[in-house]
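>>> My questions are about this predicted structure, shown below with the sequence.
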Amino acid sequence: MSGPYGFAGAFKARVKYMLSFSGLVELLSILPFYLRAFFPYLDLRILRALRLLRILKLSHYNSAMEDLFEAIHEEKRSFYAASYLFAILFILSSTLMYFAEHETHPTGFQSIPDTMYWALITLTTVGYGDITPITVAGKLIAVGSAILGVIVVALITGIVASAFNAQMERRNIIFEDQVRKALLDGILDHSEKADLERLRKQFGMTKRRADALIHQVQSTRAKQ
C-alpha cells in the first residue's frame, strides 16, 4: 500500500521491531562493531562476547522458549507463590547458617550475602561441597535446608510442567476444533489444508501429531 498511510505503517513496524526482544538482541550484537569504529582505542573485547546473543535468534525457528514463558505466565500466581516460598527459605537458611557457622568457620561464612551462595546451591540440590558446615547446629540447618529445598524446587518444577502440558493440550483442542470446522463439508480443500498447516507450524506441532488429529476427527465423523 502506497502513500503516507503505508509509510506510517512501515515506520511503526520498524520501530516496534527495534523495541522488541529480537531487535534489542540485534542491537547488542552489532553494537561493539560501531563502538570500535567511532572509538578505535577502546578495549571492547568483553563487549564482543555480546555477539553470542545472536544464538537467541533461534527462537524464531523454535518456539520452545516462547512456549515455556507462556506456560509460566498462565500459572503465574502459583509460580509466584512457590517462588516466594523459595525466597523465604533462601533468606532464612542463609541467615541461620551464618549465625551458626560464622565464629567456627569464618572463611566460608564471612557474611550473610556470602552464605547465600551456600544456601542457593544447597536448596537447588546441587550441593558442590566446597563450603560445608562444621558445627552440629550448622549440620542440622543444612539437612533441613536440603530437604525443604527439594520440596520447594519440586513444587516449582511441577507447576511449570503442569502448565506446559496444559498449554500443549489447549493447542491440540484448538487445532482439532479447526479441523472439525474445515470438515463441515466433508472434505479438506487446498486452502483449508494450507490453513491447518500454518496453524500446525504456529503451534510447533509435529506433522505426525497433526495428521493423527485429522484422522481422528475424520474417523469420528464417519461413525456419526
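Good, I have the coordinates. In this text, all values refer to a predicted model and were calculated from it rather than measured experimentally.
>>> Now for Glu66, which secondary structure element holds it?
Element membership of Glu66 [criterion: DSSP states H and E] is helix 64-74.
>>> Can you name the next helix or strand after that helix?
Next along from helix 64-74, by DSSP H and E: helix 76-101.
>>> list the buried ones in that following helix?
Buried residues in helix 76-101, counted by 16 or more other Cβ atoms under 10 Å: 78-79, 82, 86, 89-90, 93-94, 96-98, 100-101. Any C-beta I mention is one placed from the backbone N, CA and C, and that applies to glycine too.
>>> Could you dump these into JSON lines and include pLDDT and distance to Leu155?
Putting the buried residues of helix 76-101 into JSON lines (pLDDT from 0 to 100; distance: Cβ to Cβ, whole Å) gives the following:
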{"residue": "Ser78", "pLDDT": "88", "distance to Leu155": "9"}
{"residue": "Phe79", "pLDDT": "87", "distance to Leu155": "10"}
{"residue": "Ala82", "pLDDT": "90", "distance to Leu155": "5"}
{"residue": "Phe86", "pLDDT": "93", "distance to Leu155": "9"}
{"residue": "Leu89", "pLDDT": "94", "distance to Leu155": "11"}
{"residue": "Phe90", "pLDDT": "94", "distance to Leu155": "14"}
{"residue": "Ser93", "pLDDT": "94", "distance to Leu155": "16"}
{"residue": "Ser94", "pLDDT": "94", "distance to Leu155": "20"}
{"residue": "Leu96", "pLDDT": "94", "distance to Leu155": "21"}
{"residue": "Met97", "pLDDT": "93", "distance to Leu155": "22"}
{"residue": "Tyr98", "pLDDT": "93", "distance to Leu155": "26"}
{"residue": "Ala100", "pLDDT": "91", "distance to Leu155": "26"}
{"residue": "Glu101", "pLDDT": "90", "distance to Leu155": "28"}
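>>> Can you tell me which of those is closest to Val15?
Ranked by distance to Val15 (Cβ to Cβ), the buried residues of helix 76-101 are led by Phe79 at 31.9 Å.
>>> What separation is there between that closest one and Ser93?
From Phe79 across to Ser93, the span is 21 Å (Cβ to Cβ, to the nearest Å).
>>> other SSEs contacting the helix holding Glu66?
Helix 64-74 sits against helix 136-182, with contacts defined as 3 or more Cβ pairs under 8 Å, 6 or more residues apart in numbering; DSSP states H and E.
>>> which outside residues touch the helix holding Glu66?
Around helix 64-74, the neighbours that count as contacts under Cβ atoms under 8 Å, 6 or more residues apart in numbering are Ser59, Phe79, Val160, Ala163, Phe164, Ala166, Gln167, Met168, Gly204.
>>> Ok, stretch 91-100 next?
Applying Cβ under 8 Å, 6+ apart, the contact partners of stretch 91-100 are 109, 111-112, 115-116, 118-119, 122-123, 133, 135, 137-138, 141-142, 144-145, 148.
>>> And for stretch 182-194?
Applying Cβ under 8 Å, 6+ apart, the set of residues contacting stretch 182-194 from outside is Asp195, Leu196, Ile214, Val217, Gln218, Arg221.
>>> Next one: the last one from Gly186, what distance?
This points to Arg221. Per Cβ to Cβ, Arg221 is found 8 Å from Gly186.
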